[in-house]
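Undergrad: predicted model, plus sequence, below.
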Protein chains: 2
Amino acid sequence: MSIFSFQSVGCCSKTLARAGVFFTPHGVVETPRFMPVGTLANVKTLTPSQLKDTGAQMVLANTYHLHLQPGEAIVSGGGGLHKFMGWDGPMLTDSGGFQVFSLSEMRKITDDGVTFRSPHDGQIINLTPERSIEIQNTLGADVIMAFDECPPYPASREEVEAATERTYRWLKRCIVAHQRSDQALFAIVQGGVYLDLRSEAAIALSQLDLPGYAIGGVSVGEPPELMAKIVQATAPLLPREKPRYLMGVGTYREMAIAIASGIDLFDCVIPTRWARHGTAIVQGERWNLKNAKFREDFTPLDETCSCYTCKNFTRAYLSHLIRAQEILAYTLLSIHNITELISFTQKIREAILSDRFATDFAHWLR
Amino acid sequence: MSIFSFQSVGCCSKTLARAGVFFTPHGVVETPRFMPVGTLANVKTLTPSQLKDTGAQMVLANTYHLHLQPGEAIVSGGGGLHKFMGWDGPMLTDSGGFQVFSLSEMRKITDDGVTFRSPHDGQIINLTPERSIEIQNTLGADVIMAFDECPPYPASREEVEAATERTYRWLKRCIVAHQRSDQALFAIVQGGVYLDLRSEAAIALSQLDLPGYAIGGVSVGEPPELMAKIVQATAPLLPREKPRYLMGVGTYREMAIAIASGIDLFDCVIPTRWARHGTAIVQGERWNLKNAKFREDFTPLDETCSCYTCKNFTRAYLSHLIRAQEILAYTLLSIHNITELISFTQKIREAILSDRFATDFAHWLR
């Protein structure tokens, strides 16, 4: 039996939502759950200790960014990703696929892989399915992702079809290249906004019996209704007994809708990015703390929130720190924003377990 | 009996060094001790919880900066400085004197006070001894400082003499203006590099029987040998039964030498400022972590240090974060640098208590 397993511990009677436990070598992930993003081997502005206090269980890091700096050899020299960054819980690395397609310049895509110029030092870098897996094996996260081709939005059906087929061929090469039994390789379903391509890919990938499945290529600019349709057409076709991960999504409504289709895991840079812009997430709303009304507001950001920020500081204090451009503002807002998203998924989990999800969260499912 | 008292608990037999306990309404300060600086109602990049873990007991904030933003009314509306910034231990505010003289433009000094243009919004601001005390009474720190005139270095004897005499006249106005018995007003000895002016001022101020005494106007550009002479000529003349505070000093050698002359308290922005430049303080040395040799150095910053940073991360990881310009680097280095300075004064305290100071710290006293 694999050291990785997913166990459903409760189902919603009105939707496809489920509560589960995902077992990994570094601990369990209770799903549904939001996963904070630690691009460069740290979740921006937070220590691992602060991160743990947000309720974070699984944390992401980025293969593309870590390959460019400091390089996987240094991470490995430091004992692997967990030890290097001081996070002893479950971790996941993405494959670099999304970043290569969205961030790098002068890229050339062939069936072999992708060649691009490092924005870091101008060096030519070649990333293939084999190389991505090799880097991820070296980094050492619990979950690693298949190297995929993520088509842009909008893109023609022909382009998306070609990318989806290539992603499938690349997945098979990833499976062959993958070397470590203490890491679980997740497949990524592409298919753009073409629901039939999504369904076909989901069915084909499911037959490869991987320890987990992701839906990629959403939240790339398509309208929210379309994203919901993609998830609804794809998630239910993925194996029930495996964790399902919707990549790059982290807003209340979109997470609730995806959970109702059977999604278990999410990630998004929004909570930390917004924090660095002085924006707080409060009950799913977006608040700009530079707004004058917060200057003399001596209440906590969110009275229902139990994070360190809400327990110890007022909106007026946060507003002051932001106006004074104090770095501590970004830390305190990141703590709150991440806690808020994790807590939202945690509350959904509890609602699923008592079969109140469809009613208690109806507001977010409309 | 005052709620403020200073008790000597041990003396060095070979120097004037003493270990003491300073009692304040928000707890005790074990001296000698380094105090971190929280200019704008936060010690840059650190939460109060992280700050407490560095061993910090008394923390500073700046009247000048807080008056400009967010304004003392907002701090007071938030329950006073302690509650506003979430620090429940002893606090001290400086009077704004030093900042008015070193930071503001277009200032005009008269016997009444100082008029300057706010660098914040261009407004004309008038700061007098009465106004400074009023602001400090409103902010609510445990210790407040007299409003003084800090002459620049170099300055003529005549200029320094005039500033020292004005500082004395202003101190008497501060004493009259001071309204709160739960705050201790400390006097500041000026006198520049003129040792006789320093001695005279120390003797005159001592007769006013204030709950604490500071030496100001050092570390303003004068050579280190001269600073040592100033402290040696001044500190022993200040009342033995009161805490003595050397303002703006926070390097190993200078703290050790000042402690040997009977100084109890120090503050300095160096540990957090250096942190933001990627510089670590290790055993009193200054290390630039951008140096290539740290890239693959998988040892802690300082093996003898028990701070969160040294217990959890390697030099290679810190070097990576600094190169990637990750904010977390500044937090982790601030934690370490402050811990390092406080720990140095704490070790001196323990050495004084067992009368090993003059021998164990001889290296720093040369």
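TA: Sure, I can see it. Numbers count the residues shown, from 1 in each chain, chains lettered A, B, ... in the order given.
Undergrad: residues from chain A in reach of chain B?
TA: A:40-42, A:44-50, A:69-70, A:74, A:77-79, A:84-86, A:295-296, A:298, A:308, A:312-314, A:316-317, A:319-321, A:323-324, A:326-328, A:330-332 (C-beta under 8 Å from any C-beta of the partner chain). Where you see a C-beta, it was placed from the backbone N, CA and C, and this is true even at glycine.
Undergrad: selecting buried members of those in PyMOL, what would you type?
TA: Filtering the residues of chain A next to chain B down to the buried ones (16 or more other C-beta atoms under 10 Å in any protein chain shown) takes a single PyMOL command:
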select buried, chain A and resi 40+41+42+44+45+46+47+48+50+70+74+77+78+84+85+86+295+296+308+312+313+314+316+317+319+320+321+323+324+326+327+328+330+331+332
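Undergrad: inside helices: which ones of the residues of chain A next to chain B?
TA: Applying DSSP state H to the residues of chain A next to chain B, the entries found in helices are A:48-50, A:74, A:77, A:84-85, A:308, A:312, A:316-317, A:319-321, A:323, A:327-328, A:330-332.
Undergrad: quick one: distance of stretch A:239-253 to the chain centre.
TA: Centre-to-centre, stretch A:239-253 and its host chain are 8 Å apart (C-alpha atoms, centre = their mean, to the nearest Å).
Undergrad: same deal with stretch A:336-350?
TA: Stretch A:336-350 sits 14 Å away from the centroid of its parent chain (C-alpha atoms, centre = their mean).
Undergrad: next one: stretch A:229-240
TA: The chain centre lies 17 Å from the centre of stretch A:229-240; the measure is C-alpha atoms, centre = their mean.
Undergrad: now swap in stretch A:151-158 and tell me
TA: The mean C-alpha position of stretch A:151-158 is separated from the chain mean by 22 Å, C-alpha atoms, centre = their mean.
Undergrad: end to end on that stretch, go ahead and measure it.
TA: 11 Å (C-alpha to C-alpha, to the nearest Å).
Undergrad: tell me the buried residues in it?
TA: Within stretch A:151-158, the residues scored as buried using 16+ other C-beta under 10 Å are A:151, A:153, A:155.
Undergrad: which ones are touching the residue in chain A sticking out farthest from the centre?
TA: What lies farthest from the middle of chain A is residue A:296; by C-alpha atoms, centre = their mean that is 35.9 Å. Contact analysis of residue A:296 by C-beta atoms under 8 Å, 6 or more residues apart in numbering or on different chains lists A:316, B:74, B:77.
Undergrad: mind running it again at 6 Å?
TA: Neighbouring residues of residue A:296 by C-beta atoms under 6 Å, 6 or more residues apart in numbering or on different chains: A:316, B:77.
Undergrad: got it, and residue A:11?
TA: residue A:18.
Undergrad: show residues contacting stretch A:353-366.
TA: Stretch A:353-366 has contacts (C-beta under 6 Å, 6+ apart) with A:10, A:12, A:13, A:14, A:15, A:17, A:19, A:252, A:253, A:256, A:260, A:351.
Undergrad: tell me the secondary structure at the first one.
TA: Which is residue A:10. strand (DSSP: H, G, I helix; E, B strand; the rest coil).
Undergrad: so it makes contact with residue A:351?
TA: No: judged on C-beta atoms under 6 Å, residue A:10 makes no contact with residue A:351 at a distance of 9.7 Å.
Undergrad: can you tell me how far residue A:130 sits from residue A:147?
TA: To residue A:147, residue A:130 is 8 Å away according to C-beta to C-beta, to the nearest Å.
Undergrad: and those two? which has more neighbours close in?
TA: Taking neighbours as other C-beta atoms under 10 Å in any protein chain shown, residue A:130 and residue A:147 compare with residue A:147 leading, 29 against 17.
Undergrad: I figured the more buried one hits residue A:97, correct?
TA: Yes: between residue A:147 and residue A:97 there is a contact under C-beta under 6 Å: 5.1 Å.
Undergrad: count of residues packed around residue A:112?
TA: Residue A:112: 12 surrounding residues under other C-beta under 10 Å.
Undergrad: which one is it nearest to, not counting chain neighbours?
TA: Excluding its sequence neighbours, the residue lying closest to residue A:112 (C-beta to C-beta, 6 or more residues apart in numbering or on different chains) is residue A:128, at 5.8 Å.
Undergrad: who's more crowded, residue A:10 and residue A:351?
TA: More crowded of residue A:10 and residue A:351, by other C-beta under 10 Å: residue A:351, with 20 against 16.
Undergrad: got the contact list for the more buried one?
TA: Counting by C-beta under 6 Å, 6+ apart, residue A:351 has contacts A:357, A:360.
Undergrad: from chain B, how far off is it?
TA: 31 Å (C-beta to the nearest C-beta, to the nearest Å).
Undergrad: any idea which helix or strand carries that residue?
TA: helix A:327-353 (DSSP states H and E).
Undergrad: what are the buried residues along whatever helix or strand comes next after that helix?
TA: Sequence-wise, the next helix or strand downstream of helix A:327-353 (DSSP H and E) is helix A:357-360. Buried residues in helix A:357-360, counted by 16+ other C-beta under 10 Å: A:357, A:358.
Undergrad: helix A:357-360 - what's its average pLDDT?
TA: Helix A:357-360 comes out with an average pLDDT of 98.
Undergrad: so, low pLDDT: which residues of chain A?
TA: Applying pLDDT under 70 to chain A flags the ranges A:1.
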